[in-house]
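Chemist: here are the coordinates; sequence isn't available:
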């Protein structure tokens, strides 16, 4: 609803790599809208873990945010 206001502060992607408990690895990108300085890193990592589990049923062990 207010995405057009958030876009005034920026938008783009955050890139991350992750490793699952079964040894498989992956990488992905997460879109963001708004001021990147207000982004909560821990919340982002939890969202990545939930999304990978939801889509593939794999449990993520580590997540690395690529700067």
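Modeler: Everything's here; your move. All values reported here derive from a predicted model rather than from experimental measurement.

Chemist: From the chain's centroid, how far away is the longest helix seen in the chain?
Modeler: Counting residues, the longest helix found in the chain (DSSP state H) is helix 41-56. Helix 41-56 sits 7 Å away from the centroid of its parent chain (C-alpha atoms, centre = their mean, to the nearest Å).

Chemist: What is that helix packed up against?
Modeler: strand 11-20, strand 25-33, strand 60-66 (3 or more C-beta pairs under 8 Å, 6 or more residues apart in numbering; DSSP states H and E). Placement of C-beta: from N, CA and C, glycine included.

Chemist: wait, which of those is closest to residue 46?
Modeler: Residue 46 sits nearest to strand 60-66 of all the helices and strands packed on helix 41-56, at 9.0 Å, using C-beta to C-beta.

Chemist: How many neighbouring residues does residue 44 have?
Modeler: 16 (other C-beta atoms under 10 Å).

Chemist: now the one 4 residues further on
Modeler: Counted with other C-beta under 10 Å, residues neighbouring residue 48 total 20.

Chemist: Name whatever forms a beta bridge with the closest residue to it other than its chain neighbours.
Modeler: Using C-beta to C-beta, 6 or more residues apart in numbering and skipping the chain neighbours, the partner closest in space to residue 48 is residue 63 (5.4 Å). In this entry, residue 63 is beta-bridged to residue 18, by DSSP bridges.
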